[in-house]
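**Student:** below are the sequence and a predicted model; questions follow.
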Amino acid sequence: MNLNSGYPFWLIKDGLPYTFPKLDCNKTVDVAIIGAGISGALVRYFLLKAGVSCVTLDARTIGLGSTSGSTSLLQYEIDTPLHRLIPKVGKQQAERAYHLCNDAILTLEHIAAALDFTEFESRSSLYFAAYKKDRSFLQQEFEARKAAGFDVSLLEEAQVRQQYGFEAPSAILSRHGAQTNAYAFTHRLLQYKKGKSLDVYDRTAVVKTEQQRNGVVLHTEQGFRVKAKRVVYATGYEVVELIDKKIVDLQSTYAVVSEQYPDRAAFWKDEVLLWNTADPYLYLRTTPDGRIIAGGRDERFHQHTKRDRLIPQKAKQLAADVQKLFPDLHFKTEFTWTGTFGATKDGLPYIGVYDKVPNSYFALGFGGNGITFSVVAAQIITELVQGKKNEDAPIFAFDR
Ligand SMILES: Cc1cc2nc3c(=O)[nH]c(=O)nc-3n(C[C@H](O)[C@H](O)[C@H](O)COP(=O)(O)OP(=O)(O)OC[C@H]3O[C@@H](n4cnc5c(N)ncnc54)[C@H](O)[C@@H]3O)c2cc1C
C-alpha cells in the first residue's frame, strides 16, 4: 500500500538518524513484532522493559510507513467526541478510553525524558467551533468532559478573540496535550537496549506466516524464518490485507508546513494545539524551529494516484484556511504531503487478539490520534503476552 506521498517535513528535517540491517539468518524468539513504526517501536520498548525477548521486522526503511507522515499532535480527544462515544460504547468505557489516551500522553512524556528525547512539548489544546451552529455541540462536549473529570474550560467568542486572536463562536480549552515528532521518536525508541537486544531489521517483509502448535513461523521475503511463540502485528493500515472483516475506512489526509517565522511572538497564545469542529476538521500546531503545520482537508478515498493529484490543490486550501484564521501570519507553504489514515466505527482502535489469527496480537492505532492509541496498544499487549489479564482490553477488542 502506498501510505505517504509528497515531502513529509520530519523526513526532510531528520533524514535517516540511524540505519538498520536486513534480516539475514533464521531466528527463534519469544515475540516477533511485525512493523517498526511508532506502534511497533512502543510495543518493543514495553516488551523489553518487561523482560520479554523480541525481534522487530519491517518491510520498509524504518519509519517510512504512516509514522513519517504524522503531524504528531498528542491529544486525549479522539475522533469521536466523548458525548457521542458514550451512547455508542457506554459511559464507563467511553470515559475510560478518553482517560487512557490522557494517560498515554503522560507516559510518552516519561519515555521521552528517559530516552533523552527532547522533541516532546506539552501543549494545551483548543477545540473551536467552526460555525455558530456548533456552539451547542461544544457545550455538550464540554459538559461530558467536565463530568469525566477533565480539566477543561468553555470559552465564549469574545474570549477566543481576546486570548487567541482569531474568530470562533466558542471553544473548549483542554489543559492536557502535547506535540512531538513521531518519526524521530520511533528511531529513538528503537535504539533502546541497542547492543543488548537491537534485533530490529528493516527492508525485511514478512510474506508468509505458518501456524504451529506452539507458535508461529514467519517467512521473510529474503527466505529466512523467524520462529516465535507470539506475533504482534503493528502493521498500521496495511493490516486490512490480513483481516477479513471490515474494521476501518481508509481515507486520505493532507498536511502543509510553513516556512520558518523569524519571531515566534507572531504565533497565537501559548502555541496551543488548535483544531475545529468542521468535518473534515482543520488542525494547527507549531514546530520547535518556528513553523506552523496545518492539516486536514481529508478525502473519503485512499487510492494513491487520485490522492496525490490533489496535493497542490489541498496545499493551497490549507494555506488559505490558516490565512483566514490568522490574516496577519502571512503563511508561506514550504513542504506539503499526504497520507492514508483510517476511521473506525466508533473512533477507537483495534487492539489485542483476533480469533482467526492464533498466537497473535494486533496493535492497530487507527485514527487521527493514532499515537496515543499506540501507547495503549503497547501497554495492553505487553500484559497479554505475559499472560496477565488486562481490564481495558475489551474496550478495544475486535468483537466489541
Ligand atoms: C498526514 C497524517 C497526519 C497524522 N497526524 C497525526 C497526529 O497529529 N497525531 C496522531 O496521533 N496521529 C496522527 N496520524 C496517525 C499516525 O501517524 C499513525 O496512527 C501512526 O503513525 C501509525 O503508526 P504505526 O506504527 O501503527 O503504522 P506505520 O507507521 O505505518 O508502521 C507500520 C509498519 O508496518 C510495516 N509492515 C506492514 N506490513 C508488513 C509486513 N508484512 N512485513 C513487515 N513489515 C510490515 C510497514 O512497512 C510499516 O512501516 C497522522 C497520519 C497521517 C497520515
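**Tutor:** Sure thing, it's come through.

**Student:** just the strands in the stretch 101-250 of the chain please.
**Tutor:** 120-122, 125-128, 152-156, 170-174, 177-180, 200-201, 206-212, 215-220, 225-233, 249-258 (DSSP state E, counting those that start in this stretch).

**Student:** among these, which is nearest the ligand?
**Tutor:** strand 206-212 (3.8 Å; C-beta to the nearest ligand atom). In this view, the C-beta of every residue, glycine as well, is placed from N, C-alpha and C.

**Student:** could you pull up the residues touching the nearest residue to F120 once chain neighbours are set aside?
**Tutor:** Closest residue to F120 apart from its sequence neighbours, by C-beta to C-beta, 6 or more residues apart in numbering: A112 at 3.8 Å. A112 makes contact with 118-120, 180, 185, according to C-beta atoms under 8 Å, 6 or more residues apart in numbering.

**Student:** neighbours around the residue in the stretch 51-200 of the chain positioned nearest to the ligand, how many?
**Tutor:** Closest contact between the stretch 51-200 of the chain and the ligand, by C-beta to the nearest ligand atom, is at G65 (2.5 Å). If you count neighbours by other C-beta atoms under 10 Å, G65 ends up with 29.

**Student:** isn't it up against S39?
**Tutor:** No: with contact defined as C-beta atoms under 8 Å, G65 does not count as touching S39 (9.2 Å).

**Student:** buried sites along stretch 14-22?
**Tutor:** F20 (16 or more other C-beta atoms under 10 Å).

**Student:** and for stretch 355-374?
**Tutor:** In stretch 355-374, the ones that count as buried by 16+ other C-beta under 10 Å are 357, 359-374.

**Student:** so how far is that stretch from its chain's centroid?
**Tutor:** 11 Å (C-alpha atoms, centre = their mean, to the nearest Å).

**Student:** distance between the ends of it?
**Tutor:** 21 Å (C-alpha to C-alpha, to the nearest Å).

**Student:** now that stretch: average pLDDT?
**Tutor:** For stretch 355-374, mean pLDDT is 92.

**Student:** close to the ligand, is that stretch?
**Tutor:** Yes: contact of stretch 355-374 with the ligand (C-beta under 6 Å from any ligand atom) involves 365, 368-372, 374.

**Student:** let me know the closest of these to the ligand.
**Tutor:** Using C-beta to the nearest ligand atom, the residues of stretch 355-374 next to the ligand come closest to the ligand at G370, 1.8 Å.

**Student:** and the gap between that closest one and V248?
**Tutor:** Distance, G370 to V248, using C-beta to C-beta, to the nearest Å: 11 Å.

**Student:** and the helix or strand of the chain with the lowest mean pLDDT, what does it pack onto?
**Tutor:** Ranked by mean pLDDT, DSSP states H and E, the weakest helix or strand in the chain is strand 4-6, scoring a mean of 86. Under the contact criterion of 3 or more C-beta pairs under 8 Å, 6 or more residues apart in numbering; DSSP states H and E, strand 4-6 touches helix 66-69, helix 304-309, strand 333-343.

**Student:** ok, residues contacting the following helix or strand past it?
**Tutor:** As assigned by DSSP states H and E, the chain's next helix or strand after strand 4-6 is helix 9-14. Contact with helix 9-14 is made by 63-64, 68, 70, 72, 181-184, 187, 255, 257, 287, 289, 291, 293, 335, 337, as judged by C-beta under 8 Å, 6+ apart.

**Student:** now list the buried members of these.
**Tutor:** Burial by neighbour count, 16+ other C-beta under 10 Å: within these this picks out 63-64, 68, 70, 72, 181-184, 187, 255, 257, 287, 291, 293, 335, 337.

**Student:** quick revisit: quick check: neighbours shared by G65 and S39?
**Tutor:** Contacts common to G65 and S39, judged by C-beta under 8 Å, 6+ apart, are G236.

**Student:** which non-adjacent residue is nearest R225?
**Tutor:** N26 is the one closest to R225 (C-beta to C-beta, 6+ apart), at 4.7 Å.

**Student:** for the one you found, give its distance to H99.
**Tutor:** Relative to H99, and taking C-beta to C-beta, N26 is found at 43 Å.

**Student:** between the two, who's got more neighbours?
**Tutor:** In terms of neighbours (other C-beta under 10 Å), H99 is the more surrounded of N26 and H99; the figures are 15 against 12.

**Student:** A148 is in contact with the more buried one, correct?
**Tutor:** Yes: taking contacts as C-beta under 8 Å, H99 lies within contact range of A148: 7.3 Å.

**Student:** which positions in the stretch 301-400 of the chain make contact with the ligand?
**Tutor:** So the stretch 301-400 of the chain meets the ligand at 339, 341, 365, 368-372, 374 (C-beta under 6 Å from any ligand atom).

**Student:** show me what contacts whichever residue of the stretch 151-300 of the chain sits closest to the ligand?
**Tutor:** Closest to the ligand within the stretch 151-300 of the chain is G236: 2.7 Å, counting by C-beta to the nearest ligand atom. G236 sits next to 3, 35, 37, 39, 65-67, 364 when contact means C-beta under 8 Å, 6+ apart.
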